[in-house]
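Visitor: everything below, folded, please.
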Amino acid sequence: MSSIEAAIKAIESLKPEETFRYSDIAKNFNVHRSTLSRRHRAVTTSHATKVSNLRRLSRQQEQELVRYIERLTKQGLSPTRSLIRNFASSVAKNTVGEGWVTRFINQNSIHLISKWTVGMDRNRHQADSGAKYSL
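Guide: Alright, predicted model coming up:
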């Protein structure tokens with residue numbers, strides 16, 4: 001338990017009629033008075049709490065999404081950003097943004113490699129030209 005959490009527990013363990021000063025408790029637990037005051041009044045949270053609240057998927061769900069993308073790739077289907085976003089949104093039961101997809105790909109860059117398929121797209125475009133159909 002961190003010092004700030006111990007100080008907050010000490011404040012919460014006081015009886016309702018007891019008065020306290022943030023500066024005295026902060027001095028006892030060797031923490032900043034302003035940080036203690038903001039955390040106790042729930043104005044701010046710890047960094048770890050903030051990060052966990054921002055996570056849309058758990059670690060296990062993210063690993064399953066990586067496996068899903070790898071399966072799609074082995075089948076020859078290139079997963080697009082919108083496909084990843086839709087799948088993650090359905091798993092999280094909450095909409096994820098385009099920025100989430102970028103961060104997800106960057107965090108899993110060891111497993112996921114992004115490539116542009118310009119050559120394949122160009123070949124497809126040339127194959128679908130109207131002139132070739134008329135011939």
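
Visitor: drop to CA atoms for contacts and neighbour counts, all remaining ones
Guide: Noted.

Visitor: quick check: the gap between the residue most central in space within the chain and Arg21.
Guide: Central residue of the chain (C-alpha atoms, centre = their mean): Arg55, 3.7 Å from the mean position. Distance of Arg55 to Arg21, given as C-alpha to C-alpha, to the nearest Å: 35 Å.

Visitor: just Ser3 next, same as before
Guide: The gap separating Ser3 from Arg21 is 17 Å, by C-alpha to C-alpha.

Visitor: pLDDT-wise, which helix or strand of this structure ranks last?
Guide: Within the chain, no helix or strand scores below helix 118-127, which has a mean of 64 by mean pLDDT, DSSP states H and E.

Visitor: got the buried residues for whichever strand or helix holds Arg103?
Guide: In the assignment (DSSP states H and E), Arg103 maps to helix 98-107. Residues of helix 98-107 classed as buried by neighbour count (16 or more other C-alpha atoms under 10 Å): Val101, Phe104, Ile105.

Visitor: who does that helix touch, helix- and strand-wise?
Guide: Judged by 3 or more C-alpha pairs under 8 Å, 6 or more residues apart in numbering; DSSP states H and E, helix 98-107 is in contact with helix 81-92.

Visitor: what residues are up against the spatially closest residue to Ile105 that is not a sequence neighbour?
Guide: Nearest residue to Ile105, sequence neighbours excluded (C-alpha to C-alpha, 6 or more residues apart in numbering): Leu112, at 6.6 Å. Contact analysis of Leu112 by C-alpha atoms under 8 Å, 6 or more residues apart in numbering lists Val66, Glu70, Ile105.

Visitor: how much space separates the second one from Gln61?
Guide: Read that as Glu70. In terms of C-alpha to C-alpha, Glu70 sits 14 Å off from Gln61.
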